[in-house]
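> Mind folding the following:
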Amino acid sequence: MSKTKAHHRYRLKPTEQYPKGEIVKGTTTVTGGQLAWNKNVLMRWANRMGLKGIDSNKYADDKAGIGTLAHAHITNDLLGKDTDTSDYTKNQIAAAKNSVASFVRWWRQHDCETPLFVEEPLVSEQYRYGGTADIYWKVDGVLELTDLKTGGIWPEHFVQVGGGYVQLLTENGHKVERVRILSIPRTKDEEFSDVILPDSDKYWQVFEHCLALHELKKRF
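Numbers count the residues shown, from 1 in each chain. Okay, here's the model as predicted:
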């Protein structure tokens, strides 16, 4: 299994002009390309790492690998699939297991039914973008979209999940009664976070503006 999550190509329904379906942007591209609300925080972090003599890029890549593996373990376990760890170091494998353990502790505290789907690519024909929802299931009797993050929860995630993903599910006929973001720690200095997003259309409003900006940038 690759340390980098494979990029999924999202396509609209086939047309005469695009027999295979026109390729459209993904949710992460939309928010990541337009929002930089945590940029200053990341710059200060990189500066502190540099002052300590630590290569921030290598450090971030290592932690990203742990996060990718932890995410794969959780989603594959829910699907009843094995996870290939051959592309990871022993330290990354051990750290990912700790991340999974934190998810399992949360899972045992809730009534989680069999997921309706896991890692499901969805496309919005109306707004011309796509995205892959992590877990859609009933948690404590409520239809919920659960999104997994590593490395903390940032404001951009609220827009991505509460705006972009909710629209994708709703447009494709999946009712969303609650949205939850779980941040699973990779190291001892990170904390487990369980955030339920309040009902609000402001996340979609921001995401829709990001879509418009994305299209405007293509004209330059």
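
> so where's the chain shaky on pLDDT?
In the predicted model, the chain carries pLDDT under 70 at residues 1-7, 33-62.

> where along it do the helices fall?
Here the chain has its helices, by DSSP state H, at 27-34, 39-51, 56-79, 90-108, 155-158, 166-171, 202-217.

> Could you dump those helices into a markdown table with distance to Arg11 added?
The C-beta positions use only the backbone N, C-alpha and C, and glycine is treated the same way. Shown next, in a markdown table, are these (distance: least, C-beta to C-beta, whole Å):
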| stretch | distance to Arg11 |
| --- | --- |
| helix 27-34 | 15 |
| helix 39-51 | 31 |
| helix 56-79 | 22 |
| helix 90-108 | 31 |
| helix 155-158 | 25 |
| helix 166-171 | 14 |
| helix 202-217 | 17 |
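
> Turn those helices into TSV, including distance to Thr114 and mean neighbour count.
Shown next, in TSV, are the helices of the chain (distance: least, C-beta to C-beta, whole Å; neighbours: other C-beta atoms under 10 Å):
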stretch	distance to Thr114	mean neighbour count
helix 27-34	25	19
helix 39-51	38	11
helix 56-79	8	18
helix 90-108	12	16
helix 155-158	26	18
helix 166-171	17	20
helix 202-217	28	16
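
> out of those helices, nearest to Leu122?
For these, distance to Leu122 was read as C-beta to C-beta. The smallest value, 4.2 Å, belongs to helix 166-171.

> what packs against that closest one?
Applying 3 or more C-beta pairs under 8 Å, 6 or more residues apart in numbering; DSSP states H and E, one finds that helix 166-171 makes contact with strand 117-124, strand 129-139, helix 202-217.

> could those go into CSV alongside distance to Gln167?
As requested, the helices and strands packed on helix 166-171 are arranged in CSV below (distance: least, C-beta to C-beta, whole Å):
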stretch, distance to Gln167
strand 117-124, 6
strand 129-139, 9
helix 202-217, 6
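
> between these, which gets nearest to Arg186?
Of the helices and strands packed on helix 166-171, nearest to Arg186 by C-beta to C-beta is strand 129-139, at 16.8 Å.

> could I have the closest one exported to CSV, CA atoms only?
Taking C-alpha atoms only, strand 129-139 is exported to CSV below (Å, rounded to 0.1, in the frame of the first residue of the first chain):
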residue,chain,number,x,y,z
TYR,A,129,-17.2,18.5,-8.2
GLY,A,130,-16.6,15.2,-6.4
GLY,A,131,-15.4,13.8,-3.1
THR,A,132,-14.9,10.6,-1.1
ALA,A,133,-16.9,10.3,2.1
ASP,A,134,-15.2,8.3,4.9
ILE,A,135,-18.0,6.6,6.8
TYR,A,136,-21.8,6.9,6.5
TRP,A,137,-23.6,4.9,9.1
LYS,A,138,-25.9,5.1,12.1
VAL,A,139,-24.2,6.1,15.4
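
> I appreciate the help and will end here.
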